[in-house]
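Asks: Okay, here's the prediction I keep looking at, along with the sequence it came from:
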Amino acid sequence: MSTREEKERVDLLQGTLDLLILRTLLLGPTHGHAIAKAIEFRSDEVLQVEQGSLYPALHRLIKRGWISVEEGTSKNNRRAKFYRLTAKGRKQLAAETSKWEKFAGAIARILRPTEERE
Amino acid sequence: MKQRAKRLLNDLEQEIREHIELATQENMDRGMTPEDARYAALRKFGNVTRVKEDAREVWSRLWLEQLGQDVRFALRQLRKSPAFTVVVMLTLAVGIGATTAIFSFADLLLDHPVALRHLDRLVSVDETSADGQQALLSPANFRDIQVEMGSLQNLASYQEWTASLLSANGAQESNGVRVDQDFFTTIEVEPLFGRLFFSEEYALSKDHVVILGYAFWQREFAGDRGVIGKTLRLDGQSYSIVGVMPADFQFPPGGTQLWIPLALDNAGGERVHGTLSAVGLLKPGMSLQQSRAELSTVWSSLQQRFPAANQAWQLSVVRLRDYLVDEDSRQFAALFLCVAGFVLLIACVNVTNLQLARAASREREVSVRMALGAGRTRLVRQLLTESVVLAAIGGVAGLLLAIWGVAVMRANLPAQVREICDVSGMQVNLRAFVFTVFAATASGLLSGTIPALFASNLNLRDSLEAAGTRIVGGSQRLRRAFVVSEVTLSVVLLIGAGLMVKGFASLANRQTFMHPDTLFTFHLSLSPNHYANSQQREIFYTRLLERLRSVPAVTEASAVSGLPYSFYENDQKVVSDQSEGSRLGDLPTVMQESISEDYFRALRLPLREGRFFDQRDGATAAAVGIVSESMARRFWPGREALGHRARLPESDSPNSWITIVGVVADVRHEVYDRSFRPILYRPLAQVPAPSMDFAIRTSTYPSGLVASVHSIVEELDPAQPITLLQTMSDKINGQASALRFVAVLMGLFGIVATLLSAAGVYGLVAYSVAERRREIGIRMAIGARPGQVLVMVLRLALFLVAVGGAIGLVLGFILAQLLASFLYGVHAWDPAIYAAIPPLLLIVGLSATLIPAIRAARVDPMVTLRYE
């Protein structure tokens, strides 16, 4: 039983993580560590991503054709892989974002009255 | 795509290292010590191995990879228990192989005895009497049906025919068939090369053209394509070769190698005497029933128009394949299917049982693996893979066995089968193979996964502690029931096999009074072109017999219209002086035989009363006959037959009465006769048949006899072929070959079934000993002697065998009564067979149990206790 719960939580995170990565890459191509940092920074460090899980997620996005990868040089002159949002990924981001907003809005509407009563 | 994935994954490690270094650097910039910074970065990153695996999983088709793992794991597991693996594989191989081979044979016999394109739509049409006797169609009836039929697209007639062929190898007989204009279009066949007959060649003056069979062409012309236009001498006449048939064309089956046109011009008006076989092609979409209904109205009108010829007959329309393969052969095929089904069932039970036993002994392993975190589906899949791997190996072995079995059968099928179907068309039936593989493995597959299914519901700790006693206790009863049922099934098969084998053996030994080893026989058909009248025939036979008698070592030379064991039929209704005035239908049927004077002496048939034929009984002398004892009893019960008279009903002139001058002992005429036929013997001089069998008794076994016979016949008539030169023993064995085939096959299946159940007993005992090691160890530790342990194990096995044997004997006895119509020369209740079963079972049971029992008796109590 416990394995199933864990799995569900990972699933939830996975979907969200994909969205966050796409959103981050909208600002321009960058490398793995930078993406992780950007997500943390932009969420005011609320979202603590287990940074390792970023990489399988990146691979997944590459496989779906939403991002591409290229060789590049990082700020301190090191060879690194740069991830770039593709046109397909851009469309996906738009779709996912509106979906997410609807979802978050719905959740928020459900949660609000309870707060007011208290 | 794949290339990119590989590069990404290869670079991933480097990428992760960079990531962690960057994070460490940042942490250090925030003022951490290098050690803390690195540690914090690592913690934040998470499990590196897991990340790499997850990334790989994104790209790999995971299940395929896991399948590979499972298969490798399964093979490893199977290698670890070789006895189990080998027994299951052999069981599967034998079960699948034997059943598939038999299915293929039955399929040939029941489904496609000949390779014709529209076999499903082909029907045979003939006339049948009220008592089920089949007869050929008369030409006039055939014409009328052909004109009026609406349900058949085509209807063609043919006539089987034997030709004597004069070639470089001397005179020989060849099977041929005369076919009408519609024949080749009805069965839809094209020659390999050359042409079919032109329509004008179906006329009396132009019909000397012939199409050759492939085998004949190969044999006589060595496959020379220039054969078209050459001449063939058949029955002393020249036929021009116009075509050669493809190798797989064999119709009518039974060695037809020559096709010539059937010209009906002069016999077209004949309505009473049937001379034609007919084959029709149903219109597409027309069912057999519809066609029967339609043709029966056609026949009714023919009966009304020609009552004298047709009133006593019905038109019978049957599928061609059912017409070719007689009822007896179909029943034997059905019997084989039953037997094969039994063997398959035993194989299923065996595999299931072994899987169950193994499953029980693996419960602990499964529990451990679940405790270590293996998912239930993953475990089920793994065990399933193991079963599938076993099934695949067994299936491949089974297929090889089936291919071999079919080849062996093809080469050894009895002559009777070769006559009714085209054996060369027999192949491994893939449908049957798939079915048997499925049947043999399905139950095993399921039972193989039982431990995983059960284990998921088990409390892990319980099962780890008790090594899974719960399931073991439950399934052991099931496993014992399985072993009992296996033994039961094999006893039933053994009884059937025993009866068949004993019946065959007794048949082969039955005619010892005849001394068949020193009785030489051959067959001779006089061509009607050369020997048109009975006088010419009689002169030829008399001269031939005289010459044969002069050969050294020949003591008697005789002729008969049909020797025993030659499938001879000549049934006649006979009126006696007692039954005069009876209706034709009520008259008894007897077999009429023409014989030369020495016939009874040559065959060693004793005279009961009266005298043999001699010089007095010439062609012009008073008609005389000798009757067999059965005929004497039948016609003149309780009275002397001598001096009484009988005659054929058609000829009622005063001098057609035959006076009985002797009574001879009965002789079993054909292997398959269940009773003696009543026989009326007539002197050869008075009834010289156009074809005769010759029986020559010799004092020793002369080596030159065959050559002498050939040269004597050649001197008398160089164009006269002789056939079937063989001893009476060969004749009997030849006719019994179908029974021998059945007996051998049944015997084989009996042995296979017994071995399979022995394997079942062995498996059960071996596993139960393995499971009870600890118990046995404790028993021995507190004083049980090895002998006692041995007896304990043997007692369990022999008890199961005894129960299965007892049920099997009862069931076998009941089933044997149903088998009665398949049995010749033995009764279904033959006590010797039933008496032989218990000792046989004891031996089988003991040998299957001895090894595990001894192993049990050798259990070292200290080792077992420590091990557990």
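Replies: Great, that's in hand. Numbers count the residues shown, from 1 in each chain, chains lettered A, B, ... in the order given.
Asks: Show me where chain A has its helices.
Replies: Remark: helices assigned in chain A by DSSP state H are A:2-25, A:32-42, A:54-64, A:87-117.
Asks: looking at the chain, which helix or strand is least sure?
Replies: Went with chain A since none was named. Ranking every helix and strand in chain A by mean pLDDT, DSSP states H and E puts helix A:2-25 at the bottom, with a mean of 60.
Asks: could you do chain B instead?
Replies: helix B:460-466 (a mean of 51).
Asks: which residue sits closest to the most centrally placed residue in chain A, ignoring its sequence neighbours?
Replies: Nearest to the mean C-alpha position of chain A, by C-alpha atoms, centre = their mean, lies A:L20 at 2.3 Å. Once flanking residues are discounted, A:L20 sits nearest to A:I39: 5.1 Å by C-beta to C-beta, 6 or more residues apart in numbering or on different chains. Heads up, the C-betas are built off the backbone N, CA and C, glycines and all.
Asks: thinking again about what came up before, looking at the helices of chain A, which is buried most?
Replies: helix A:54-64 (a mean of 21; mean count of other C-beta atoms under 10 Å in any protein chain shown).
Asks: And that one, how far out from the chain middle?
Replies: 11 Å (C-alpha atoms, centre = their mean, to the nearest Å).
Asks: contacting residues around residue 60?
Replies: Picked chain A for this. A:R60 sits next to A:18, B:58 when contact means C-beta atoms under 8 Å, 6 or more residues apart in numbering or on different chains.
Asks: and with 10 Å instead?
Replies: By C-beta atoms under 10 Å, 6 or more residues apart in numbering or on different chains, the residues touching A:R60 are A:14, A:17-18, A:21, A:66-67, B:54-55, B:57-59.
Asks: burial of the residue nearest to B:A334 when sequence neighbours are not counted, as a residue count?
Replies: Computed as C-beta to C-beta, 6+ apart, the closest residue to B:A334 that is not its neighbour in sequence is B:A106, at 7.5 Å. B:A106 is flanked by 20 other residues according to other C-beta atoms under 10 Å in any protein chain shown.
Asks: helix/strand/coil for B:A106?
Replies: Under DSSP: H, G, I helix; E, B strand; the rest coil, the three-state class of B:A106 is helix.
Asks: Is it correct that it is in contact with B:L337?
Replies: Yes - at 5.1 Å, B:A106 counts as touching B:L337 under the criterion of C-beta atoms under 10 Å.
Asks: how much space between the residue nearest to the spatial centre of chain B and B:P252?
Replies: By C-alpha atoms, centre = their mean, chain B has its centre lying nearest to B:F105, at 4.8 Å. Plainly put, B:F105 is 21 Å away from B:P252 if you go by C-beta to C-beta, to the nearest Å.
Asks: hang on, the earlier thing: looking at the helices of chain A, which is nearest to A:G72?
Replies: The minimum distance between A:G72 and the helices of chain A falls on helix A:32-42, with 11.2 Å, by C-beta to C-beta.
Asks: What helices and strands are in contact with the closest one?
Replies: Packing partners of helix A:32-42 (3 or more C-beta pairs under 10 Å, 6 or more residues apart in numbering or on different chains; DSSP states H and E): helix A:2-25, helix A:54-64, strand A:79-85, helix B:2-29, helix B:34-45.
Asks: among the ones you listed, which gets the worst mean confidence?
Replies: Set side by side, these show their lowest mean pLDDT on helix A:2-25, which sits at a mean of 60.
Asks: Please list all residues in contact with B:V810.
Replies: B:488, B:491-492.
Asks: Return the subset of these lying in strands.
Replies: Among those, none falls in strands (DSSP state E).
Asks: Return the member of those residues nearest to chain A.
Replies: B:T488 (46.5 Å; C-beta to the nearest C-beta).
Asks: Mind pulling up the pLDDT for that closest one?
Replies: On the pLDDT scale, B:T488 gets 92.
Asks: try the one 5 residues further on
Replies: What the model reports as pLDDT for B:L493 is 89.
Asks: check which helix or strand covers the closest residue to it other than its chain neighbours.
Replies: Distances taken as C-beta to C-beta, 6+ apart place B:A753 nearest to B:L493, at 4.5 Å, with adjacent residues excluded. For B:A753, the element it lies in under DSSP states H and E is helix B:737-771.
Asks: ok now do A:A38, which residues does it touch?
Replies: Neighbours of A:A38 in contact, by C-beta under 10 Å, 6+ apart: A:20-21, A:23-25, A:27, A:30.
Asks: For whichever residue of the stretch 601-750 of chain B sits closest to chain A, give me its contacts.
Replies: Distances between the stretch 601-750 of chain B and chain A by C-beta to the nearest C-beta are smallest at B:F749, namely 51.6 Å. Counting by C-beta under 10 Å, 6+ apart, B:F749 touches B:98-99, B:102, B:336, B:339-340, B:342-343, B:346, B:490, B:493-494, B:496-497.
Asks: Following the chain onward from the longest helix anywhere in chain B, which element is next?
Replies: Taking DSSP H as the criterion, chain B has its longest helix at helix B:327-371. Counting by DSSP H and E, the next helix or strand C-terminal to helix B:327-371 is helix B:376-412.
Asks: Packing partners of whatever helix or strand comes next after that following helix?
Replies: Downstream of helix B:376-412, the next assigned helix or strand under DSSP H and E is helix B:415-420. Other elements packing on helix B:415-420 under the criterion 3+ C-beta pairs under 10 Å, 6+ apart are helix B:82-110, helix B:320-324, helix B:327-371, helix B:728-735, helix B:737-771.
Asks: Who are the packing partners of the next helix or strand after helix B:415-420?
Replies: Counting by DSSP H and E, the next helix or strand C-terminal to helix B:415-420 is helix B:430-448. The contact analysis (3+ C-beta pairs under 10 Å, 6+ apart) places helix B:430-448 against helix B:82-110, helix B:327-371, helix B:376-412.
Asks: Just list the residues touching the residue nearest to B:A334, thanks.
Replies: B:A106 touches B:330, B:332-337, B:340, B:429, B:432, counting by C-beta under 10 Å, 6+ apart.
Asks: cool, and B:V434?
Replies: B:100, B:395.
Asks: quick one: it from B:F103, how far?
Replies: 11 Å.
Asks: What residues does B:T436 make contact with?
Replies: B:92, B:95-103, B:340-341, B:343-344, B:347-348, B:395, B:398-399, B:402, B:429.
Asks: Need the pLDDT of it.
Replies: 83.
Asks: B:F84 is in contact with B:L354, correct?
Replies: Yes - counting by C-beta under 10 Å, B:F84 is a contact partner of B:L354 at 6.2 Å.
Asks: Can you work out which residues contact both of those two?
Replies: By C-beta under 10 Å, 6+ apart, the residues touching both B:L354 and B:F84 are B:390, B:763, B:766-767.
Asks: Adding distance to A:T73, write the helices and strands packed on helix A:32-42 out as JSON lines.
Replies: Listed next are the helices and strands packed on helix A:32-42 as JSON lines, based on distance: least, C-beta to C-beta, whole Å:
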{"stretch": "helix A:2-25", "distance to A:T73": "18"}
{"stretch": "helix A:54-64", "distance to A:T73": "19"}
{"stretch": "strand A:79-85", "distance to A:T73": "6"}
{"stretch": "helix B:2-29", "distance to A:T73": "12"}
{"stretch": "helix B:34-45", "distance to A:T73": "22"}
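Asks: Which parts of the stretch 151-300 of chain B are helices?
Replies: B:183-187, B:214-221, B:288-305 (DSSP state H, counting those that start in this stretch).
Asks: what does the last one rub up against?
Replies: Among residues not part of helix B:288-305, those counted as contacts by C-beta under 10 Å, 6+ apart are B:120-121, B:123, B:125, B:127, B:140-141, B:144-152, B:155, B:271, B:280, B:282-283, B:286-287, B:309-319, B:322.
Asks: Next, the buried residues of that helix.
Replies: Along helix B:288-305, these residues count as buried under the neighbour rule (16 or more other C-beta atoms under 10 Å in any protein chain shown): B:288, B:291, B:294-295, B:298-299, B:302-303.
Asks: do the second one as well
Replies: By 16+ other C-beta under 10 Å, the buried positions in helix B:214-221 come out as B:214, B:216-217, B:220-221.
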